[in-house]
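Dropping a prediction and its sequence here:
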Amino acid sequence: MKVHDLKPAPGSRKRPQRKARGIAGKGGKTAGRGTKGQRARSKIPVGFEGGQMPLARRVPKLRGFKNPFRMEYQAINLDVIDATGLDEITPEVLHQRGLLHKGAMAKVLARGELTRAVTVKAHGFSESAKAAILAAGGSVEVLPKPFSGRPPAKGNALTNR
């Protein structure tokens with residue numbers, strides 16, 4: 001079979017209706033537009049609603065507020081830390097084991113139990129997780145955030161007087 005032998009399946013292609021080609025064919029004379037009036041004429045913009053405010057302009061957009069300083073943590077629980085079997089837990093170690101996304105900030109939460117002393121380095125800790133790690137004889141180190149800090153609000157900064 002060659003490219004020039006290819007054909008669509010019989011009945012799958014229907015010829016388009018040829019409008020306004022005389023009264024012999026269907027769709028002659030007014031070509032399905034009825035008689036007179038604005039819709040019988042040629043140039044009406046798409047979405048025109050007769051002078052009423054169009055739907056595309058009535059629907060609101062860009063609602064709400066997106067906080068540019070939101071800090072998104074990925075939760076790591078004590079049972080996950082205990083299952084690793086390591087003595088020192090860092091975000092890099094968790095990423096290598098597939099437990100943390102690359103570049104994500106880790107926050108340790110207190111689900112599960114810790115059965116041994118572990119040194120845990122993370123960007124955040126819940127109070128109960130911190131207490132559980134210290135109770136098991138481990139240590140906790142809070143890592144700095146990967147950005148410098150929140151800038152002062154524009155327009156509200158005090159000027160030198």
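Arrived safely.

which residues sit against the least confident helix or strand in the chain by mean pLDDT?
When each helix and strand of the chain is scored by mean pLDDT, DSSP states H and E, helix 55-58 comes last, with a mean of 88. The contact list for helix 55-58, computed with Cβ atoms under 8 Å, 6 or more residues apart in numbering, reads 47, 49. Glycine gets a C-beta too; all of them are placed from N, C-alpha and C.

do that again at 7 Å, thanks
residue 47 (Cβ atoms under 7 Å, 6 or more residues apart in numbering).

Which SSE is immediately downstream of it?
Using DSSP states H and E, the helix or strand that follows helix 55-58 in sequence is strand 73-77.

which outside residues touch the biggest helix by length in the chain?
Counting by DSSP state H, the longest helix found in the chain is helix 127-135. Helix 127-135 has contacts (Cβ under 7 Å, 6+ apart) with 78, 108, 109, 110, 114, 118, 120, 140.

Compare those and tell me which has the most neighbours.
residue 108 (26 neighbours; other Cβ atoms under 10 Å).

so what's it up against?
Neighbour list for residue 108: 76, 120, 122, 125, 126, 129 [criterion: Cβ under 7 Å, 6+ apart].

that older thread, any idea of the angle the longest helix of the chain forms with strand 73-77?
50 degrees (axes from the mean of the first three to the mean of the last three Cα atoms, to 10 degrees).

Name all residues that make contact with the residue nearest in space to the middle of the chain.
Residue closest to the average C-alpha location in the chain (Cα atoms, centre = their mean): residue 66, at 12.6 Å. Contacts of residue 66 were listed using Cβ under 7 Å, 6+ apart, and none were found.
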